[in-house]
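In: please find the sequence and the predicted model below.
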Amino acid sequence: METQIQRVTREIPHRGIAYLIFQRCPAEEQNELLLREIRALKDQGAREIYVASTDPEVPFGEGESGQVRLTHVHDMLEMERALGEARTRHGGRLRAVPLTEALGEQWLALYNEAFASVPNAATYGQEELAEQLAKPGSCGFVLEGEEPIGIYELDLQSGEIEGIGLKKTARGRGLGRELLLLTMDLLAERGHDGCWLLVSTANPAAYRLYQETGFSTRQIRSRWFRAETTGQKDRDAEEDGK
């Protein structure tokens, strides 16, 4: 069996976080490989490491094995709903403005602000901005009046709502629901009869919003665990002088 491990290190410079996804792995080698990968990521500067397995034959579980302790933190769920005529439409409080090159830096800053505290979210840079600009109509701003207060990101091929977010000062006024309904309308206008999205169970406000808006869970995409080498917290405390 060929071992396949996806290493996501792009968040190390921004948030000190790294991710490991075990896509294929011999069961008898899992613990050894996990320990090796954790140490390598620590050497790259990762302060927090999260792991998941997409290999159904070799799942991860909470507990301590060998020199690694795993603590379950959240699940990533796929949720879906139909876009029939009977659905609730957005109320007109927000409007969508597609991304343009001239507004790229503003969109990038607003995106990173909106997703700064979202579990498993990525920090976008120039490469991601270029990718979005190459897909006209797939993402943009949401405006309240003339003020940009949030962003949306869609996959116009599959009908996925890849991301919706509001800046901090716009939260707490019911605009998240309005934004979700607006993106559903955008996908329906593109001919989709259904939509789907990913949400973390560690983001209860978003999860509750999707449930209340008619989304249902179709599967658990992945289960995520925080990985620490045995005694790591004690060693960190010693290094910090605590």
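Out: Good, I have the coordinates.
In: run the chain-centre distance for the helix or strand that Q132 is a member of.
Out: Assigned by DSSP states H and E, Q132 belongs to helix 126-133. The chain centre lies 17 Å from the centre of helix 126-133; the measure is C-alpha atoms, centre = their mean, to the nearest Å.
In: same check on stretch 119-133?
Out: Averaging C-alpha positions (C-alpha atoms, centre = their mean) puts stretch 119-133 12 Å from its chain's average.
In: could you do stretch 150-157 as well?
Out: Distance, centroid of stretch 150-157 to centroid of chain: 13 Å (C-alpha atoms, centre = their mean).
In: and for stretch 154-174?
Out: Worked out by C-alpha atoms, centre = their mean, stretch 154-174 lies 12 Å from the chain centre.
In: contacts for it, please.
Out: Applying C-beta atoms under 8 Å, 6 or more residues apart in numbering, the contact partners of stretch 154-174 are 110-111, 113-115, 118, 135, 137-139, 142, 144, 149-153, 175-176, 179-180, 183-184, 186-187, 190, 192, 194-198. Where C-beta positions appear, they are placed from N, C-alpha and C, glycine not excepted.
In: helices - which of these land there?
Out: L110, Y111, E113, A114, L175, G176, L179, L180, T183, M184, L186, L187 (DSSP state H).
In: so A122 sits against R15, correct?
Out: No. Contact criterion C-beta atoms under 8 Å: A122 and R15 do not qualify, at 10.0 Å.
In: contacts only, for R223.
Out: A52, S53, P59, F60, H72, D75, M76.
In: picking that back up, farthest-separated two in the ones in helices among the contacts of stretch 154-174?
Out: Using C-beta to C-beta, the two most remote members of those are E113 and L187, lying 24.3 Å apart.
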